[in-house]
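Trainee: My questions concern the predicted model and sequence given below.
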Amino acid sequence: MRYIIHNAVFSQRIPRYDTRCSKRINQTIKQGCGVNSRLNTSKIRDAIAGKQIIEFTYKGYLRIAEPHVYGIKNGKRQLLVYQIGGTSSSGRIPDWRRIEIDAIQGLRTTGQKFSEVRELPSGDAEQDWDTIISKAK
């Protein structure tokens with residue numbers, strides 16, 4: 001038997017309670033849990049390595065950004081981007097944004113590339129991260 005859950009096809013039933021995420025998922029996979037989180041991680045690493053501009057929704061706002069650093073800071077998986085388009089609650093674009101990976105929805109590359117690696121803002125130097133998984137070079 002196959003189950004279709006949140007546009008994904010699985011050969012086994014997804015449990016109502018996912019202990020990896022410690023919350024009810026009501027038979028849907030939310031961003032940050034399981035499959036989508038792993039897909040985002042892979043896409044992010046590929047986008048950083050290829051200097052590809054990404055598009056995603058975060059906290060209800062569409063973001064278009066240059067991904068620069070993916071790592072762990074304060075125990076959370078985060079992405080440091082230079083947002084160049086879309087919308088933001090602060091309204092300041094372009095500007096640096098720190099994004100929690102688990103809250104990213106609809107991540108995709110735009111097919112465009114950025115040519116220069118920007119100087120990181122103060123407070124985001126390599127020594128300020130617990131672990132850097134990928135960094136634009």
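Mentor: Good, I have the coordinates.

Trainee: now residue 116: how far from residue 109?
Mentor: Remark: distance between residue 116 and residue 109 (C-beta to C-beta, to the nearest Å) = 18 Å. Quick note: C-beta positions are derived from backbone N, CA and C, even for glycine.

Trainee: Would you mind giving the domain segments of the chain?
Mentor: If you go by automatic domain parsing, the domain ranges for the chain are 1-29, 31-135.

Trainee: Which of those has the lowest mean pLDDT?
Mentor: Per-stretch mean pLDDT for the domains of the chain is lowest at domain 1-29 (a mean of 39).

Trainee: Identify each buried residue in stretch 56-68, please.
Mentor: Within stretch 56-68, the residues that count as buried by 16 or more other C-beta atoms under 10 Å are 56-58, 63-68.

Trainee: hmm, which two among those residues are most spread apart?
Mentor: The two members of these with the most space between them (C-beta to C-beta) are 57 and 68, at 19.4 Å.

Trainee: Quick check: residue 98 vs residue 111, distance?
Mentor: Counting by C-beta to C-beta, the gap from residue 98 to residue 111 is 25 Å.

Trainee: for residue 51, same thing?
Mentor: On the measure of C-beta to C-beta, residue 51 and residue 111 end up 12 Å apart.

Trainee: Could you check which of these two has the larger neighbour count?
Mentor: residue 51 (17 against 8; other C-beta atoms under 10 Å).

Trainee: dump the residue contacts of residue 131.
Mentor: With contact taken as C-beta atoms under 8 Å, 6 or more residues apart in numbering, residue 131 is in contact with 71-72.

Trainee: How are the helices of this structure distributed by residue range?
Mentor: Assigned by DSSP state H, the chain shows helices spanning 34-49.
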